[in-house]
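Undergrad: Take a look and give me a structure for this.
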Amino acid sequence: MKKFKRYCKTLTLRDDPELIRQYKEVHAHVWPEILQGMKEVGILSMEICLYGNRLFMIMDTVPDFDHDQAMAALAQKPRQQEWEAYVARFQNTSPEASADEKWQRMERVFKM
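TA: Sure, this is the predicted structure:
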């Protein structure tokens with residue numbers, strides 16, 4: 001039996017070294033409400049990697065995770081909309097966009 005589901009997502013930051021530096025600093029101190037909300041919807045772990053101004057997210061979830069349902073629930077969690085607006089200044093996106101609208105799911109093309 002599979003112990004988790006994995007999702008990979010991507011997002012582009014604004015191509016500005018200072019904003020990228022600030023984005024990294026912000027993510028060194030993610031608000032506790034944001035981390036708690038992710039856990040509550042079934043996200044077990046998350047990593048975000050950076051190459052240039054391209055972000056790559058690896059998100060592991062509970063086995064019965066329903067992505068669309070969980071992202072809708074996450075958007076309603078305390079401070080989630082405030083967080084999305086706050087980090088939007090670093091991203092090539094709208095301040096009104098939800099996390100699900102910003103982060104694009106990637107297609108797996110190879111697995112060993």
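Undergrad: what element comes up after the helix or strand of the chain with the lowest mean pLDDT heading to the C-terminus?
TA: In the chain, no helix or strand scores lower on mean pLDDT, DSSP states H and E than helix 99-102, which sits at a mean of 88. Once helix 99-102 ends, the next helix or strand along the chain (criterion: DSSP states H and E) is strand 104-105.
Undergrad: Now find how far off-centre that following strand is within its chain.
TA: Centre-to-centre, strand 104-105 and its host chain are 10 Å apart (C-alpha atoms, centre = their mean, to the nearest Å).
Undergrad: Mean confidence (pLDDT) on it, please.
TA: For strand 104-105, the mean per-residue pLDDT is 94.
Undergrad: Stretch 43-57 now?
TA: 98.
Undergrad: Buried residues in the longest helix along the chain, which are they?
TA: Longest helix in the chain by number of residues, with DSSP state H as the criterion: helix 17-27. By neighbour count on 16 or more other C-beta atoms under 10 Å, the buried set for helix 17-27 is 20, 23. (Each C-beta comes from the backbone N, C-alpha and C, glycine too.)
Undergrad: With stretch 40-58 instead?
TA: 41, 42, 43, 44, 53, 55, 57.
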